[in-house]
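*Asks:* the amino acid sequence is not available; the structure is as follows:
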C-alpha cells in the first residue's frame, strides 16, 4: 500500500508529514532525551534527586527559574518543600500547569514519572501549525511496536532538537528504569510521533490519564490509525 501523506514542513532536518484535509502531522526521529521536570523528587540541594542539578542549570545558570520554582521569600534560591513525602526537594516546573494551585505546590505541574508527555523545543513551538501546550498525540516505537498516548507538557530550550520526552513516555515505549541524569534505560527507536493541534482540553491541565488515552485513540482513528501512518515510515 502507498503512503497518502505529503511533506508539510521541516524542523532541523526532521520532515513533518500530513494527510490531506487534516491538521494532524507526524514525524520520525531516533533521538530520545529524557525530561524529569514536573517530578516532585527531581532536584534537591544535595543533588540526590532523580535528575542532576546541572541539567536544570541550578544554582549558577540564568534559566533555572523556568525549571525550578524560586523561593517566594528569596528568588535567588530554590523553594524547598517543607513537609510531606517529598520534604527537602525543590518544586520542579513544567510549562503546562494547573493555575488553580499555588506555584509552590508540586501538584500544579505535570509529573514526568507517571504522565506520558512530549517536549516542544521553543522554536518548534513557535512554528505555525505545530500546536502547543496541552495538545494530545500518540507515539510509536518502530523497534518494538510499543505505543502510547501523550500530552504536550513542556517547552524546552529554543534551539533543541525534537525527541525530548518524559520518563513516563520513555517507559511506555520500552524503557526500563529510565535515568534522566544520563539517559540510561531509555528505549532505542526510531520513534514516530503524531500530534493533533487544537486537541487540548479546557482547562488544559489537570487531565485524567484515561482522558488523554481516549482522546488520542479517537483522533488517531479519525486519520486512519497507526496502520495508515506506518505505511509512510516503514
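*Replies:* Arrived safely, thanks for sending. Since the structure is predicted, the reported quantities are computational estimates derived from the model, not experimental observations.
*Asks:* the closest residue in space to residue 204 that isn't next to it in sequence and residue 172: what is the separation?
*Replies:* Once flanking residues are discounted, residue 204 sits nearest to residue 134: 3.2 Å by C-beta to C-beta, 6 or more residues apart in numbering. For glycine as for every other residue, the C-beta is placed from the backbone atoms N, C-alpha and C. From residue 134 across to residue 172, the span is 19 Å (C-beta to C-beta, to the nearest Å).
*Asks:* tally of neighbours for residue 126?
*Replies:* 12 (other C-beta atoms under 10 Å).
*Asks:* just the pLDDT at it, thanks.
*Replies:* Residue 126 is assigned a predicted lDDT (pLDDT) of 97.
*Asks:* how far off centre is stretch 222-234?
*Replies:* Centroid separation for stretch 222-234 versus its chain: 22 Å, with C-alpha atoms, centre = their mean, to the nearest Å.
*Asks:* could you list the buried residues of it?
*Replies:* Residues of stretch 222-234 classed as buried by neighbour count (16 or more other C-beta atoms under 10 Å): 223, 226, 228-229, 232.
*Asks:* what is the nearest of the residues you listed to residue 64?
*Replies:* residue 229 (37.7 Å; C-beta to C-beta).
*Asks:* show the average pLDDT along the single longest helix found in the chain.
*Replies:* The longest helix of the chain (DSSP state H) is helix 209-222. For helix 209-222, the mean per-residue pLDDT is 97.
*Asks:* tell me what it is packed against?
*Replies:* Contact partners of helix 209-222 among helices and strands, from 3 or more C-beta pairs under 8 Å, 6 or more residues apart in numbering; DSSP states H and E: strand 136-141, strand 147-156, strand 191-196.
*Asks:* quick one: the residue nearest to residue 204 and residue 211 touch, right?
*Replies:* No - checked against C-beta atoms under 8 Å, the pair residue 134 and residue 211 is beyond contact range at 11.7 Å.
*Asks:* relative to residue 123, which of the helices and strands packed on helix 209-222 is closest?
*Replies:* Of those, nearest to residue 123 by C-beta to C-beta is strand 147-156, at 9.7 Å.
*Asks:* for residue 163, see how far away residue 154 is.
*Replies:* Taking C-beta to C-beta, one finds residue 154 at 13 Å from residue 163.
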